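Peer 1: predicted model, plus sequence, below.
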Amino acid sequence: MFKNFYTVFHVGSIPIQFWGFFVALGTILTFIIVWKRGSRLGLNVEELLDLGVYILIGGFVGARLFHVVFYEQRFF
């Protein structure tokens, strides 16, 4: 009866949701911008992209820890 408005499309049987789609799109665009601006400014692009990967991983881990500490109180 109700359509799932959170799903953008399916890859096989896996639904891709809006938030995941836009997080991936923003991440890809950010890396492209860092690559182009870094090379134009004469910076070491490999180090910038490595830093971006570390920040991305830290952001996901930090978001998960925040969720567990502040929203999953029944486990503590």
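Peer 2: Nice, I can see it. Residues are numbered from 1 along each chain as shown.
Peer 1: okay, CA-based contacts and neighbour counts for the rest of this
Peer 2: OK.
Peer 1: and the residue nearest the centre of the protein?
Peer 2: Residue closest to the average C-alpha location in the chain (Cα atoms, centre = their mean): residue 23, at 4.2 Å.
Peer 1: look up how far residue 62 lies from that residue.
Peer 2: Residue 23 is 15 Å from residue 62, where distance means Cα to Cα, to the nearest Å.
Peer 1: residue 53 too?
Peer 2: Residue 53 is 14 Å from residue 62, by Cα to Cα.
Peer 1: then residue 20?
Peer 2: Taken as Cα to Cα, the span from residue 20 to residue 62 is 17 Å.
Peer 1: residues near the spatially closest residue to residue 9 that is not a sequence neighbour, how many?
Peer 2: Spatially, and ignoring its direct neighbours in sequence, residue 9 is nearest to residue 16 (5.5 Å; Cα to Cα, 6 or more residues apart in numbering). By other Cα atoms under 10 Å, the residues close to residue 16 number 14.
Peer 1: with residue 47 instead?
Peer 2: 11.
Peer 1: go through the helix or strand containing it and flag the buried ones.
Peer 2: Using DSSP states H and E, residue 47 maps to helix 45-71. Across helix 45-71, burial judged by 16 or more other Cα atoms under 10 Å covers 45, 49, 52.
Peer 1: residue 53 and residue 45, how far apart?
Peer 2: Taken as Cα to Cα, the span from residue 53 to residue 45 is 12 Å.
Peer 1: with residue 72 instead?
Peer 2: 39 Å.
Peer 1: go on, residue 21?
Peer 2: Counting by Cα to Cα, the gap from residue 21 to residue 45 is 25 Å.
Peer 1: same question for residue 35.
Peer 2: Following Cα to Cα, the distance that separates residue 35 from residue 45 is 6 Å.
Peer 1: swap in residue 62?
Peer 2: Distance from residue 62 to residue 45, by Cα to Cα: 25 Å.
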